[in-house]
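Visitor: predicted model follows, preceded by the sequence.
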Amino acid sequence: MHIDHFKEHFHTVTDQRQSAKTTYCLFEVLFGSLCSVIAGAKGWFDIREYILGHHDWFKRNGLFLNEIPADDTIARIISTIEPKQFQECFINWMSSIHTLTKGQVIAIDGKTLRGSYNREDRASTIHMISAYASSNKLVLGQLKTEQKSNEITAIPELIKMLDIKGALITIDAMACQTKIAKVITDKGGDYLLAVKSNQGKLRKAIEKAFSKERANMADTVVFEESHGRIESRQCYVLGSNKLEGDLSRWASLKSIVMIENFRFEKGKKLDLEYRYYISSKELSAEQAANAVREHWGIESMHWVLDVSMNEDACQIYKGHGAENVA
């Protein structure tokens, strides 16, 4: 990552401070904070300590030539940056270093920042929606929503901000909504949406279409054995013309998918589960199975945030601090 490349995409961020009272350059604080967070900084004090420990390197690159700001100053600067503008800069930056290949899976899911609640209102935790390029293991963009239930309204806004042409967007059952499907296809992408009881009629129609397939062996079967657990997954795909009823409200619906998941774990009951999906793309069983598996890469990203970067333990909450640091 070259400093000038980062500056190219973030120089448009508006400095909310009064110019007459500005001592530290906004870009210096932004870039120093970025390096610190990548290195494991979990708060404002950690950010300052990182910059202090690497001050010689920063000075060689023309940054922090005089003093290093106090942690309170860093907090004020980052917390006053307008998140929407910051998100746009971030998305443009990610787009410049990420090549989207046709059919690539972009998984969308949300995560709550458990330490971000206002200390006077513990119900005010921030929920972030992320778009994750599974093959590149890269977050393409994020958007904040106040509550998990608001994912349905936040996801279309995030999709509109991204270039998803040719990509396959995977989302869990909460976002299985006709409006979200239309937003994806209008932007030139395809969707693969999990279907559960929130779409009762659609779910029943899919179950009926696959009723005969349950007795047959699928073309694509995956076996896994590890840690005393044996698991098999079979994937079946049918054309949407096998569905009964009028489903024209689902934009460009072409395929329906069933995953049969069998699990045996020592000391526990046998577990057999059927999961269903709809897609605007004509998928083979292998493509559908791979896309479903790739979707869970975003859970691995959440694990890294929690276990490696201790995001849930981060106590930043004032202003726009938590959202911008995330």
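Guide: Cool, got the structure.
Visitor: what sits against the closest residue in space to residue 39 that isn't next to it in sequence?
Guide: In space, residue 39 comes closest to residue 50 once its chain neighbours are excluded; the distance is 5.7 Å by Cβ to Cβ, 6 or more residues apart in numbering. (Glycine included, C-beta is placed from N, CA and C.) When contacts are counted by Cβ atoms under 8 Å, 6 or more residues apart in numbering, residue 50 touches 32, 35, 36, 39, 41.
Visitor: same question for residue 243.
Guide: Neighbours of residue 243 in contact, by Cβ under 8 Å, 6+ apart: 205, 206, 209, 256.
Visitor: and it, how far from residue 210?
Guide: Per Cβ to Cβ, to the nearest Å, residue 243 is found 10 Å from residue 210.
Visitor: so the most centrally placed residue in the chain is in which element?
Guide: The residue lying closest to the centre of the chain (Cα atoms, centre = their mean) is residue 130, at 2.4 Å. For residue 130, the host element (DSSP states H and E) is strand 126-133.
Visitor: okay, how far is it across stretch 292-306, tip to tip?
Guide: 23 Å (Cα to Cα, to the nearest Å).
Visitor: what average pLDDT does it get?
Guide: Across stretch 292-306, pLDDT averages out at 86.
Visitor: what's around residue 43, how many residues?
Guide: 21 (other Cβ atoms under 10 Å).
Visitor: quick check, residue 180 in contact with residue 151.
Guide: No - using Cβ atoms under 8 Å as the test, residue 180 is too far from residue 151 to be in contact (9.7 Å).
Visitor: find the residues that touch each one of residue 243 and residue 210.
Guide: residue 256.
Visitor: now residue 31: closest residue in space that isn't a chain neighbour?
Guide: Residue 31 sits nearest to residue 6 (Cβ to Cβ, 6+ apart), 6.0 Å away.
Visitor: state the number of residues packed around the one you found.
Guide: 17.
Visitor: now it: how far from residue 293?
Guide: Distance from residue 6 to residue 293, by Cβ to Cβ: 33 Å.
Visitor: which residue ranges of the stretch 151-300 of the chain form strands?
Guide: Per DSSP state E, counting those that start in this stretch, the stretch 151-300 of the chain carries strands over the ranges 168-171, 190-195, 220-226, 229-239, 255-265, 271-279.
Visitor: using JSON lines, lay out these together with mean neighbour count, mean pLDDT and distance to residue 138.
Guide: Listed next are these as JSON lines, based on neighbours: other Cβ atoms under 10 Å; pLDDT from 0 to 100; distance: least, Cβ to Cβ, whole Å:
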{"stretch": "strand 168-171", "mean neighbour count": "27", "mean pLDDT": "96", "distance to residue 138": "15"}
{"stretch": "strand 190-195", "mean neighbour count": "24", "mean pLDDT": "96", "distance to residue 138": "19"}
{"stretch": "strand 220-226", "mean neighbour count": "12", "mean pLDDT": "69", "distance to residue 138": "25"}
{"stretch": "strand 229-239", "mean neighbour count": "18", "mean pLDDT": "89", "distance to residue 138": "26"}
{"stretch": "strand 255-265", "mean neighbour count": "19", "mean pLDDT": "90", "distance to residue 138": "26"}
{"stretch": "strand 271-279", "mean neighbour count": "18", "mean pLDDT": "92", "distance to residue 138": "23"}
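Visitor: appreciated, that's everything.
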